[in-house]
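J.: have a look at this prediction, sequence included:
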Amino acid sequence: MSEDASILLHDEVFVHESRAREFEAFVGAHRERAVGLAWKLLGGDGSTAEDVAQEAFVRAHRALGRFRGEAKMSTWFHRILVNEVRRQRRWRFVRLRRSAPFDEDIADVHEAPTFDPALRRRVGDALASLSQGQREAFVLVHLEGFPVDEAAAIMGRASGTLKSHLHRARLALRARLRDLDPNQEAAPR
Amino acid sequence: MRPTNDPEERSPARDEAFVRRVAQAYLPPLRSEVKQRAFAAKVDAALRANPRIPSSSWPWLAAATAMAMAAFVLFGRASVESPEVASTEPRIVRTEPRTRAEAVSADAWFSEFEVRSDPNEALPEDYAAISGVLLGS
(Lines give C-alpha, C1' and ligand atoms only; values in the text may rest on other atoms or scores of the structure.)
Protein backbone atom coordinates (compact mmCIF):
# COMPACT_ATOMS: atom_id res chain seq x y z
CA MET A 1 0.00 0.00 0.00
CA SER A 2 1.41 3.40 -0.94
CA GLU A 3 2.03 6.06 1.66
CA ASP A 4 -0.75 8.32 0.27
CA ALA A 5 -3.30 5.50 0.39
CA SER A 6 -2.24 4.70 3.93
CA ILE A 7 -2.72 8.33 4.98
CA LEU A 8 -6.14 8.46 3.28
CA LEU A 9 -7.22 5.26 5.02
CA HIS A 10 -5.96 6.58 8.32
CA ASP A 11 -7.90 9.82 7.80
CA GLU A 12 -11.04 7.90 6.93
CA VAL A 13 -10.75 5.74 10.03
CA PHE A 14 -10.15 8.86 12.10
CA VAL A 15 -13.24 10.58 10.61
CA HIS A 16 -15.38 7.52 11.27
CA GLU A 17 -14.16 7.19 14.81
CA SER A 18 -14.79 10.86 15.52
CA ARG A 19 -18.29 10.57 13.99
CA ALA A 20 -18.96 7.52 16.15
CA ARG A 21 -17.97 9.50 19.24
CA GLU A 22 -20.05 12.46 18.07
CA PHE A 23 -23.04 10.16 17.55
CA GLU A 24 -22.60 8.61 20.98
CA ALA A 25 -22.66 12.06 22.56
CA PHE A 26 -25.62 13.02 20.40
CA VAL A 27 -27.62 9.99 21.54
CA GLY A 28 -26.94 10.81 25.18
CA ALA A 29 -28.02 14.43 24.75
CA HIS A 30 -31.05 13.90 22.47
CA ARG A 31 -32.54 10.65 23.71
CA GLU A 32 -35.42 12.20 25.61
CA ARG A 33 -36.00 14.94 23.04
CA ALA A 34 -36.34 12.27 20.35
CA VAL A 35 -38.99 10.49 22.43
CA GLY A 36 -40.80 13.81 22.94
CA LEU A 37 -40.79 14.64 19.23
CA ALA A 38 -42.00 11.15 18.31
CA TRP A 39 -44.71 11.48 20.96
CA LYS A 40 -45.95 14.74 19.45
CA LEU A 41 -45.88 13.44 15.88
CA LEU A 42 -47.64 10.23 16.89
CA GLY A 43 -50.43 12.04 18.72
CA GLY A 44 -49.54 11.06 22.27
CA ASP A 45 -48.75 7.36 22.12
CA GLY A 46 -45.99 7.05 24.72
CA SER A 47 -44.85 3.46 24.32
CA THR A 48 -44.84 3.66 20.54
CA ALA A 49 -42.88 6.91 20.72
CA GLU A 50 -40.14 5.09 22.66
CA ASP A 51 -40.06 2.28 20.12
CA VAL A 52 -39.90 4.73 17.22
CA ALA A 53 -37.12 6.77 18.83
CA GLN A 54 -35.11 3.63 19.57
CA GLU A 55 -35.56 2.36 16.01
CA ALA A 56 -34.47 5.74 14.65
CA PHE A 57 -31.29 5.64 16.78
CA VAL A 58 -30.54 2.12 15.56
CA ARG A 59 -31.10 3.06 11.92
CA ALA A 60 -28.95 6.14 12.28
CA HIS A 61 -26.21 4.11 13.97
CA ARG A 62 -26.16 1.54 11.19
CA ALA A 63 -26.14 4.25 8.53
CA LEU A 64 -23.48 6.36 10.22
CA GLY A 65 -21.00 5.36 7.52
CA ARG A 66 -23.13 7.18 4.96
CA PHE A 67 -23.33 10.40 6.98
CA ARG A 68 -20.96 12.78 5.21
CA GLY A 69 -21.32 15.68 7.58
CA GLU A 70 -22.85 17.95 4.92
CA ALA A 71 -25.82 18.62 7.19
CA LYS A 72 -25.88 18.92 10.97
CA MET A 73 -26.08 15.58 12.74
CA SER A 74 -29.26 16.83 14.39
CA THR A 75 -30.91 17.50 11.00
CA TRP A 76 -29.76 14.14 9.63
CA PHE A 77 -30.99 12.21 12.66
CA HIS A 78 -34.34 13.98 12.89
CA ARG A 79 -34.97 13.24 9.23
CA ILE A 80 -34.50 9.54 10.03
CA LEU A 81 -36.81 9.94 13.03
CA VAL A 82 -39.54 11.65 10.98
CA ASN A 83 -39.30 8.89 8.36
CA GLU A 84 -39.63 6.30 11.12
CA VAL A 85 -42.73 8.10 12.45
CA ARG A 86 -44.22 8.09 8.94
CA ARG A 87 -43.57 4.36 8.67
CA GLN A 88 -45.13 3.84 12.07
CA ARG A 89 -48.25 5.87 11.23
CA ARG A 90 -48.90 3.67 8.20
CA TRP A 91 -49.47 0.74 10.55
CA ARG A 92 -51.06 2.75 13.29
CA PHE A 93 -54.69 1.90 12.58
CA VAL A 94 -53.94 -1.69 13.59
CA ARG A 95 -52.22 -0.65 16.82
CA LEU A 96 -54.96 1.81 17.79
CA ARG A 97 -57.49 -1.01 17.87
CA ARG A 98 -55.34 -2.99 20.27
CA SER A 99 -54.33 -0.27 22.74
CA ALA A 100 -55.62 3.06 23.91
CA PRO A 101 -52.97 5.79 23.59
CA PHE A 102 -52.57 8.48 26.25
CA ASP A 103 -54.28 6.70 29.10
CA GLU A 104 -51.46 4.28 29.83
CA ASP A 105 -48.98 7.09 30.49
CA ILE A 106 -51.10 9.46 32.48
CA ALA A 107 -51.12 7.56 35.76
CA ASP A 108 -47.41 6.85 35.61
CA VAL A 109 -46.00 10.35 35.38
CA HIS A 110 -45.53 13.39 37.56
CA GLU A 111 -47.37 16.16 35.80
CA ALA A 112 -47.02 19.88 36.02
CA PRO A 113 -49.76 21.58 38.05
CA THR A 114 -51.33 23.05 34.89
CA PHE A 115 -51.59 19.66 33.24
CA ASP A 116 -54.99 19.12 31.64
CA PRO A 117 -55.34 15.66 30.04
CA ALA A 118 -58.59 16.54 28.28
CA LEU A 119 -57.10 19.63 26.68
CA ARG A 120 -53.98 17.72 25.68
CA ARG A 121 -56.13 15.08 24.08
CA ARG A 122 -58.11 17.70 22.19
CA VAL A 123 -54.91 19.25 20.86
CA GLY A 124 -53.70 15.78 19.91
CA ASP A 125 -56.93 15.09 18.05
CA ALA A 126 -56.73 18.45 16.29
CA LEU A 127 -53.15 17.71 15.21
CA ALA A 128 -54.20 14.25 14.05
CA SER A 129 -56.83 15.85 11.81
CA LEU A 130 -54.15 17.75 9.87
CA SER A 131 -52.45 16.36 6.81
CA GLN A 132 -49.10 14.67 7.35
CA GLY A 133 -47.15 17.65 5.98
CA GLN A 134 -49.09 20.20 8.03
CA ARG A 135 -48.72 18.18 11.22
CA GLU A 136 -45.00 17.63 10.77
CA ALA A 137 -44.40 21.28 9.89
CA PHE A 138 -46.37 22.54 12.90
CA VAL A 139 -44.73 20.15 15.36
CA LEU A 140 -41.18 20.73 14.11
CA VAL A 141 -41.38 24.52 13.88
CA HIS A 142 -43.87 25.59 16.54
CA LEU A 143 -43.64 22.82 19.11
CA GLU A 144 -39.98 21.80 18.76
CA GLY A 145 -38.54 25.17 17.76
CA PHE A 146 -36.63 24.12 14.64
CA PRO A 147 -35.87 26.98 12.22
CA VAL A 148 -37.98 26.82 9.04
CA ASP A 149 -35.03 25.88 6.81
CA GLU A 150 -33.92 23.07 9.10
CA ALA A 151 -37.47 21.76 9.46
CA ALA A 152 -37.79 21.79 5.67
CA ALA A 153 -34.56 19.78 5.39
CA ILE A 154 -35.82 17.31 7.99
CA MET A 155 -39.08 16.86 6.10
CA GLY A 156 -37.36 16.75 2.71
CA ARG A 157 -39.49 19.63 1.40
CA ALA A 158 -38.79 23.11 0.09
CA SER A 159 -38.96 25.99 2.58
CA GLY A 160 -41.86 27.57 0.66
CA THR A 161 -43.84 24.35 0.86
CA LEU A 162 -43.21 24.15 4.57
CA LYS A 163 -44.38 27.75 5.11
CA SER A 164 -47.56 26.95 3.21
CA HIS A 165 -48.09 23.87 5.40
CA LEU A 166 -47.54 25.99 8.50
CA HIS A 167 -50.06 28.61 7.45
CA ARG A 168 -52.73 26.04 6.66
CA ALA A 169 -52.01 24.14 9.87
CA ARG A 170 -52.47 27.30 11.97
CA LEU A 171 -55.75 28.11 10.23
CA ALA A 172 -57.08 24.59 10.74
CA LEU A 173 -55.98 24.42 14.37
CA ARG A 174 -57.43 27.85 15.19
CA ALA A 175 -60.76 26.69 13.77
CA ARG A 176 -60.72 23.56 15.95
CA LEU A 177 -59.21 25.07 19.11
CA ARG A 178 -61.02 28.40 19.33
CA ASP A 179 -60.82 28.47 23.12
CA LEU A 180 -57.01 28.62 22.92
CA ASP A 181 -57.10 31.64 20.62
CA PRO A 182 -56.58 34.80 22.73
CA ASN A 183 -58.52 36.98 20.29
CA GLN A 184 -61.52 34.70 20.41
CA GLU A 185 -61.55 34.97 24.19
CA ALA A 186 -61.38 38.77 24.03
CA ALA A 187 -64.28 38.97 21.57
CA PRO A 188 -66.82 36.28 22.47
CA ARG A 189 -69.13 35.22 19.65
CA MET B 1 -53.32 29.33 -1.52
CA ARG B 2 -56.34 31.48 -0.84
CA PRO B 3 -55.72 35.19 -0.23
CA THR B 4 -55.76 36.30 3.39
CA ASN B 5 -57.35 39.73 3.54
CA ASP B 6 -58.47 39.26 7.11
CA PRO B 7 -55.95 41.30 9.17
CA GLU B 8 -56.49 38.96 12.13
CA GLU B 9 -55.33 36.00 10.07
CA ARG B 10 -52.13 37.77 9.13
CA SER B 11 -51.28 38.98 12.62
CA PRO B 12 -47.98 37.41 13.75
CA ALA B 13 -48.68 38.34 17.36
CA ARG B 14 -51.98 36.54 17.31
CA ASP B 15 -50.38 33.51 15.74
CA GLU B 16 -47.60 33.55 18.28
CA ALA B 17 -49.94 33.70 21.27
CA PHE B 18 -52.09 30.91 19.90
CA VAL B 19 -49.11 28.71 19.09
CA ARG B 20 -47.66 29.29 22.57
CA ARG B 21 -50.90 28.13 24.17
CA VAL B 22 -51.05 25.04 21.98
CA ALA B 23 -47.44 24.21 22.83
CA GLN B 24 -48.14 24.57 26.55
CA ALA B 25 -51.22 22.37 26.33
CA TYR B 26 -49.46 19.71 24.29
CA LEU B 27 -46.38 18.98 26.37
CA PRO B 28 -45.45 15.31 26.50
CA PRO B 29 -45.80 13.65 29.90
CA LEU B 30 -42.82 14.07 32.20
CA ARG B 31 -40.92 10.82 32.34
CA SER B 32 -39.60 9.55 35.64
CA GLU B 33 -35.85 9.03 36.18
CA VAL B 34 -36.43 5.27 36.27
CA LYS B 35 -38.17 5.34 32.92
CA GLN B 36 -35.46 7.51 31.39
CA ARG B 37 -32.68 5.23 32.65
CA ALA B 38 -34.52 2.14 31.40
CA PHE B 39 -34.90 3.71 27.97
CA ALA B 40 -31.24 4.73 27.89
CA ALA B 41 -30.21 1.15 28.70
CA LYS B 42 -32.55 -0.17 25.99
CA VAL B 43 -31.10 2.18 23.37
CA ASP B 44 -27.51 1.37 24.35
CA ALA B 45 -28.22 -2.36 24.13
CA ALA B 46 -29.91 -1.91 20.73
CA LEU B 47 -26.95 0.08 19.41
CA ARG B 48 -24.50 -2.57 20.60
CA ALA B 49 -26.62 -5.28 18.97
CA ASN B 50 -26.71 -3.35 15.67
CA PRO B 51 -23.15 -2.31 14.87
CA ARG B 52 -22.70 0.43 12.34
CA ILE B 53 -21.98 -0.60 8.78
CA PRO B 54 -18.66 0.83 7.51
CA SER B 55 -19.01 3.23 4.58
CA SER B 56 -16.88 0.95 2.40
CA SER B 57 -19.52 -1.78 2.79
CA TRP B 58 -22.44 0.24 1.44
CA PRO B 59 -21.70 -0.38 -2.29
CA TRP B 60 -21.35 -4.11 -1.59
CA LEU B 61 -24.54 -4.08 0.42
CA ALA B 62 -26.42 -2.30 -2.38
CA ALA B 63 -25.07 -4.76 -4.97
CA ALA B 64 -25.99 -7.76 -2.80
CA THR B 65 -29.52 -6.39 -2.28
CA ALA B 66 -29.95 -5.83 -6.03
CA MET B 67 -28.74 -9.37 -6.78
CA ALA B 68 -31.05 -10.85 -4.16
CA MET B 69 -34.01 -8.95 -5.62
CA ALA B 70 -33.11 -10.06 -9.17
CA ALA B 71 -32.82 -13.68 -8.01
CA PHE B 72 -36.14 -13.44 -6.22
CA VAL B 73 -37.85 -12.05 -9.33
CA LEU B 74 -36.30 -14.66 -11.66
CA PHE B 75 -36.72 -17.73 -9.47
CA GLY B 76 -40.01 -16.57 -8.05
CA ARG B 77 -41.45 -16.25 -11.55
CA ALA B 78 -39.97 -19.60 -12.57
CA SER B 79 -41.58 -21.36 -9.61
CA VAL B 80 -44.94 -19.76 -10.32
CA GLU B 81 -44.79 -20.84 -13.95
CA SER B 82 -43.53 -24.32 -13.15
CA PRO B 83 -46.11 -27.01 -14.02
CA GLU B 84 -44.86 -29.26 -11.20
CA VAL B 85 -46.12 -26.95 -8.50
CA ALA B 86 -49.07 -28.63 -6.83
CA SER B 87 -52.01 -26.45 -6.01
CA THR B 88 -54.23 -27.09 -3.02
CA GLU B 89 -57.05 -25.10 -4.63
CA PRO B 90 -59.97 -27.13 -6.02
CA ARG B 91 -59.45 -27.54 -9.75
CA ILE B 92 -62.16 -27.68 -12.39
CA VAL B 93 -61.08 -29.93 -15.24
CA ARG B 94 -63.05 -30.00 -18.46
CA THR B 95 -63.35 -33.47 -19.97
CA GLU B 96 -64.09 -34.06 -23.64
CA PRO B 97 -67.68 -35.08 -24.52
CA ARG B 98 -67.82 -38.68 -25.61
CA THR B 99 -70.76 -38.30 -28.03
CA ARG B 100 -72.68 -35.45 -29.59
CA ALA B 101 -75.85 -36.66 -27.82
CA GLU B 102 -74.19 -36.36 -24.43
CA ALA B 103 -72.93 -32.93 -25.24
CA VAL B 104 -76.38 -31.49 -26.01
CA SER B 105 -78.22 -32.88 -23.01
CA ALA B 106 -78.21 -30.85 -19.79
CA ASP B 107 -77.05 -33.78 -17.67
CA ALA B 108 -74.19 -34.40 -19.98
CA TRP B 109 -73.30 -30.70 -19.87
CA PHE B 110 -72.85 -30.92 -16.11
CA SER B 111 -70.93 -34.17 -16.40
CA GLU B 112 -68.42 -32.43 -18.61
CA PHE B 113 -67.03 -30.82 -15.50
CA GLU B 114 -65.37 -32.70 -12.74
CA VAL B 115 -64.41 -31.05 -9.52
CA ARG B 116 -61.24 -32.35 -8.01
CA SER B 117 -60.27 -31.15 -4.59
CA ASP B 118 -57.41 -31.87 -2.27
CA PRO B 119 -58.58 -34.32 0.44
CA ASN B 120 -56.25 -32.57 2.88
CA GLU B 121 -57.63 -29.10 2.30
CA ALA B 122 -58.76 -27.15 5.37
CA LEU B 123 -62.37 -27.61 6.43
CA PRO B 124 -64.56 -24.57 7.22
CA GLU B 125 -64.14 -25.13 10.97
CA ASP B 126 -60.37 -25.06 10.45
CA TYR B 127 -60.71 -21.72 8.72
CA ALA B 128 -62.73 -20.46 11.69
CA ALA B 129 -60.06 -21.70 14.11
CA ILE B 130 -57.27 -20.09 12.09
CA SER B 131 -59.07 -16.78 11.78
CA GLY B 132 -59.82 -16.91 15.53
CA VAL B 133 -56.11 -17.28 16.29
CA LEU B 134 -55.22 -14.44 13.91
CA LEU B 135 -57.83 -12.13 15.39
CA GLY B 136 -56.67 -12.99 18.91
CA SER B 137 -60.06 -14.21 20.10
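T.: In hand now; what should we look at? In this text the structure is predicted, and so the values were computed from the model without any measurement. Residues are numbered from 1 along each chain as shown, chains lettered A, B, ... in the order given.

J.: next structured bit after the helix or strand A:E32 falls within?
T.: Assigned by DSSP states H and E, A:E32 belongs to helix A:3-41. Downstream of helix A:3-41, the next assigned helix or strand under DSSP H and E is helix A:46-62.

J.: output the contacting helices and strands for that following helix.
T.: Packing partners of helix A:46-62 (3 or more C-beta pairs under 8 Å, 6 or more residues apart in numbering or on different chains; DSSP states H and E): helix A:3-41, helix A:73-90, helix A:103-106, helix B:33-49. Yep, even glycine has a C-beta here, placed from its N, CA and C like the rest.

J.: worst-scoring helix or strand of chain A, pLDDT-wise?
T.: Lowest by mean pLDDT, DSSP states H and E among the helices and strands of chain A is helix A:103-106, with a mean of 44.

J.: re the thing from before, let me see the mean pLDDT of the helix holding A:E32.
T.: Here helix A:3-41 scores 79 as its mean pLDDT.

J.: just for chain A, where's the confidence low?
T.: A:1-15, A:92-115, A:183-189 (pLDDT under 70).

J.: report the central residue of it.
T.: Closest residue to the average C-alpha location of chain A: A:L37 at 3.8 Å, with C-alpha atoms, centre = their mean.

J.: what sits closest to that one if chain neighbours are left out?
T.: Excluding its sequence neighbours, the residue lying closest to A:L37 (C-beta to C-beta, 6 or more residues apart in numbering or on different chains) is A:E144, at 5.7 Å.

J.: what is the neighbour count of the one you found?
T.: The tally of other residues near A:E144 (other C-beta atoms under 10 Å in any protein chain shown) stands at 17.

J.: swap in A:V27?
T.: 18.

J.: which ones are touching it?
T.: Contacts for A:V27 were tallied using C-beta atoms under 8 Å, 6 or more residues apart in numbering or on different chains; they are A:F57, B:V43, B:L47.

J.: if you set the cut-off to 6 Å instead, what comes out?
T.: A:F57 (C-beta atoms under 6 Å, 6 or more residues apart in numbering or on different chains).

J.: make sure B:L30 is indeed in a strand.
T.: No. Assignment of B:L30 by DSSP: H, G, I helix; E, B strand; the rest coil gives coil, placing it outside any strand.

J.: separation between it and chain A?
T.: 5 Å (C-beta to the nearest C-beta, to the nearest Å).

J.: state the number of residues packed around that residue.
T.: Neighbours around B:L30, by other C-beta under 10 Å: 14.

J.: what's the answer for A:W91, then?
T.: 10.

J.: go on, B:R37?
T.: Around B:R37 there are 11 residues (other C-beta under 10 Å).

J.: equivalent analysis for B:A70, please.
T.: By the measure other C-beta under 10 Å, the count of residues near B:A70 is 10.

J.: in what helix or strand does it lie?
T.: helix B:58-81.

J.: other SSEs contacting that helix?
T.: On a contact count with 3 or more C-beta pairs under 6 Å, 6 or more residues apart in numbering or on different chains; DSSP states H and E, helix B:58-81 meets no helix or strand.

J.: pLDDT on it, on average?
T.: pLDDT averaged over helix B:58-81 gives 76.
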